[in-house]
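Novice: no sequence for this one, just the structure:
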C-alpha cells in the first residue's frame, strides 16, 4: 500500500498462540498488522450488501453482520474459524471494491476514485493480496475446512473473473467445489454437515452449493470443458424460499428465486448441447425442450418479454436479477443455434427443403438471441449505475454475442458473393437460407451492424477498468475491418470462392468456429502470431484464432505486456 497506512500496529491482535503454530505466528501477526482500518472495511461491506450481494445472494446480511461485529469485538485470528472469517472479510471487500463507482473522467486516471483518502484500486489489490497471503498460511494448518472457507474461495474466483483471469478463476472454482464436496454440501442431510451447522447455516450451505453449480456449468459451457460437478452424485435440495426472509410479502418473489431458476437452467445445459455439427431437426428439438420445460414455466416476475414489474420498487435488485436470467437464457439459445454458422453454401444446398426452412428460422433466432443478450447487458449496466464497471458479465456478454453477429454477417457476405449471374431455382433456395436482407424481427444486416458498433462502444467505455473489455474491443475492431473488406468485395465481379467457415472446428477456436487458413508458405509472409484468412474475392485478411481459451490467452498477454511496461 506504500505510504497509505491502513492499520496501526496498536490495532493488531497478537494472542493467537493457542491454536497457531509458533513458526507461523510472525507472518500471521504481520498480516493482521496490515489489515485495513475498520472504517474502510465497513464502507466496503456496506457497499457489498447494497450493490453486490444481489448477484449471487450467497451471504445473508443478518448472519454475516452479526458475526462481523463479533469478530471485531474478539481477537481476530485467534482461532481457525476466526482466521477463515478474516479471509472472507478481505475477499468480500476486494470483490466489493471492484464495483466501486468509477466516473468516465476517473476511468483513465492513475489513482482513480478514493475511499477515505485511499485510492480504491490500492485497497482492492491490498485486500486481495492480503487474503491470498492469509489463505496460504491457513493451508498449512491441520483440520477440516468450513463453509466460510468455501465462500471465500468462491469470491476469490469471482474476483479473478472480474479481473479477466478466467483460467485462474476456473482453477479456484474447482478447489472450492472439492472443499464443498468434502463438507458434504452436495448431499442432502449429510450428517457431518448437520452436526456443525444450525438450520440457517444449513440452508446457506445449499445456497453456496448451487452457486458453485451454476458457475461450474457456465464456465464449462464457455470454456468448452467438462464440469466438475456430476449430477448423479448430488442430492442437495434447492434452498427454502423465505426461510431467511420470513418478513417478505407472500406474493413477492423470494430474493433467491433467480438463483434457483439459474440452477434449473444449468441442469438443462448438457441435454441442450447440439454437438459440433449442425442438424436442423436436433437443434429444433433442443429449442423446443428449452422453451417447453423452462421458458414457458418462468414465474411472471421473470418472463423474458413481458415480466410483472409490480415488485421492482420494493425489491430494487429484482430488475437486475431479471436481466441476468435473460442473459443466461439467450446465451443458451445462442449455444443451440451457433453450429449453423459452420455450414458452407454447398452444405446448405444438400439439405432437404424442410430442413432449409428450419435453417432460415434458426439463423434468425440465433441473431435475435445475440441481440437480446446485448440488450440485456445494456440494461443491466444502466441498472448498476452506468459508467465503467468491472463486472465480468458486462464485458464478456457484450463481446461474445457481438462476435456471433459478426460471424453471421461474414458468412452472409460470403454466401451472397457465391451467387453467379444466373441462378437456378435450387440456388435461389440456398440464397434464401442465408439472406436476411428483409428486416425480420429487426435483424437486417444494417441493424446487425448497428448492434455491433454499439457493443464496440460499450467495450471501449469499459476498457480502462476491465482487461476483457480492452482485449475484446481491439479484436472486435479487427473483425469489423474484415467485415468492411468483405462487404466491399460484394460489388466486385464474382471470383473463385473459398468458404469463410470450414466444415470442422476445434475446441480451442472462437465459439467452436475455425476460420479457413492459408498454406504455411503464405502464413510465413505475414506476422508470426497471426493467421491469414481468405475471404471471397481473393483478399487476404489477417486474424488470430478465436475461442474462449484464445480469449483468455489474449488477456494473459495483455497483462504481461502491462507488467513489462510498468517496469
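Specialist: All right, it came through fine. Because the structure is predicted, anything quoted here is derived from the model rather than measured. Numbers count the residues shown, from 1 in each chain.
Novice: residue 356 versus residue 271, what's the distance?
Specialist: Using CB to CB, to the nearest Å, residue 271 is found at 26 Å from residue 356. Where C-beta positions appear, they are placed from N, C-alpha and C, glycine not excepted.
Novice: who's more crowded, these two?
Specialist: Between residue 271 and residue 356, counted using other CB atoms under 10 Å, the more crowded position is residue 356 (18 against 10).
Novice: secondary structure element for that one?
Specialist: helix 353-383 (DSSP states H and E).
Novice: quick one: mean pLDDT for that helix?
Specialist: The predicted model assigns helix 353-383 a mean pLDDT of 93.
Novice: what packs against that helix?
Specialist: helix 280-293, helix 318-337, helix 392-417, helix 425-434, helix 445-462 (3 or more CB pairs under 8 Å, 6 or more residues apart in numbering; DSSP states H and E).
Novice: flag every buried residue along that helix.
Specialist: Neighbour-count burial for helix 353-383, with 16 or more other CB atoms under 10 Å as criterion, is recorded at 355-356, 358-360, 362-363, 365-381.
Novice: ok, back up a step: ok, which of the helices and strands packed on helix 353-383 comes nearest residue 259?
Specialist: helix 318-337 (8.3 Å; CB to CB).
Novice: show me what the helix or strand in which residue 167 is found is packed up against.
Specialist: Element membership of residue 167, judged by DSSP H and E, is helix 166-183. Counting contacts by 3+ CB pairs under 8 Å, 6+ apart, helix 166-183 is packed against helix 147-163, helix 199-223, helix 548-566.
Novice: just give me the lowest mean pLDDT stretch among those helices.
Specialist: When I compare the helices and strands packed on helix 166-183, helix 548-566 is least confident, with a mean of 50.
Novice: which residues touch the closest residue to residue 226 other than its chain neighbours?
Specialist: Distances taken as CB to CB, 6 or more residues apart in numbering place residue 220 nearest to residue 226, at 6.3 Å, with adjacent residues excluded. Residues in contact with residue 220 (CB atoms under 8 Å, 6 or more residues apart in numbering) are 226, 227, 228.
Novice: quick one: low-confidence parts of this protein?
Specialist: 1-19, 102-112, 190-197, 242-248, 413-442, 487-567 (pLDDT under 70).
Novice: for the residue sitting nearest the centre point of it, which residues are in contact?
Specialist: The chain has residue 393 as the residue nearest its centroid, 4.4 Å off, counting by CA atoms, centre = their mean. Neighbour list for residue 393: 324, 327, 377, 380 [criterion: CB under 8 Å, 6+ apart].
Novice: cool, residue 100 as well?
Specialist: Here residue 100 is in contact with 47, 113, 115, 120, 124 (CB under 8 Å, 6+ apart).
Novice: which of those count as buried?
Specialist: Buried among those (16+ other CB under 10 Å): 47, 115, 120, 124.
Novice: export these to JSON lines and tack on secondary structure?
Specialist: Formatted as JSON lines, the buried ones among the contacts of residue 100 follow (DSSP: H, G, I helix; E, B strand; the rest coil):
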{"residue": "47", "secondary structure": "helix"}
{"residue": "115", "secondary structure": "strand"}
{"residue": "120", "secondary structure": "helix"}
{"residue": "124", "secondary structure": "helix"}
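Novice: these into a markdown table, with extra columns for distance to residue 277?
Specialist: Formatted as a markdown table, the buried ones among the contacts of residue 100 follow (distance: CB to CB, whole Å):
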| residue | distance to residue 277 |
| --- | --- |
| 47 | 47 |
| 115 | 52 |
| 120 | 48 |
| 124 | 44 |
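Novice: nearest to residue 262, of those residues?
Specialist: Set against residue 262, the nearest of those by CB to CB is residue 47 (23.5 Å).
Novice: the closest one contacts residue 94, correct?
Specialist: No - with contacts counted by CB atoms under 8 Å, residue 47 stays clear of residue 94, the gap being 11.9 Å.
Novice: got the contact list for residue 284?
Specialist: Residues near residue 284 by CB under 8 Å, 6+ apart: 358, 362.
Novice: how far away is it from residue 411?
Specialist: 20 Å.
Novice: and residue 261, what does it touch?
Specialist: 298, 299, 302, 325.
Novice: in whichever strand or helix holds it, what counts as buried?
Specialist: For residue 261, the host element (DSSP H and E) is helix 257-272. Using 16+ other CB under 10 Å as the test for burial, helix 257-272 gives 257-266, 268-269, 272.
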